[in-house]
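**Student:** Below is the structure, and that's it, no one-letter string:
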């Protein structure tokens, strides 16, 4: 389990996991001491608050969809010239406001090449990846 989390991002630390029916929930948190503000690039160590952020990742146990639950931090930006007072911690493995990891999006794109949206959705569901035709279409349009 630790290796699966580290493959997502080296700065993540595994906390625990839960298995419920056909889902596995993996709880993680960041080990970074300071975080760069995405607006101005200033480094911050002051935590404003924490919140849970859920996103889907590639299934790694056969028959189980994987949900990562990140104990994410909201940070203060201490740069007096920055217009943002706070910002959310981000990682290289997921885009801002995304509900799917970069490696899951890549898997969706790989499976969806040269297929109809209906066939792509069916193939992905067979791999325990829950995604709709409209989401597949959006990913294909962006790439």
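**Tutor:** Great, that's in hand. Every value quoted in this text rests on a predicted model; they were computed, and no experiment measured them.
**Student:** got the buried residues for stretch 75-86?
**Tutor:** Residues of stretch 75-86 classed as buried: 75, 76, 77 (neighbour count, 16 or more other C-beta atoms under 10 Å). For the C-beta atoms, the positions are set from N, CA and C on the backbone; glycine is no exception.
**Student:** in the protein, which spans are strands?
**Tutor:** Per DSSP state E, the chain carries strands over the ranges 12-20, 23-30, 35-36, 43-44, 47-57, 65-76, 86-88.
**Student:** Let me have the ones you listed in CSV, extended by mean pLDDT and distance to residue 124.
**Tutor:** Below are the strands of the chain laid out as CSV (pLDDT from 0 to 100; distance: least, C-beta to C-beta, whole Å):
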stretch, mean pLDDT, distance to residue 124
strand 12-20, 94, 21
strand 23-30, 95, 16
strand 35-36, 94, 33
strand 43-44, 96, 38
strand 47-57, 95, 11
strand 65-76, 95, 11
strand 86-88, 95, 28
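**Student:** out of those, which comes closest to residue 127?
**Tutor:** strand 65-76 (9.6 Å; C-beta to C-beta).
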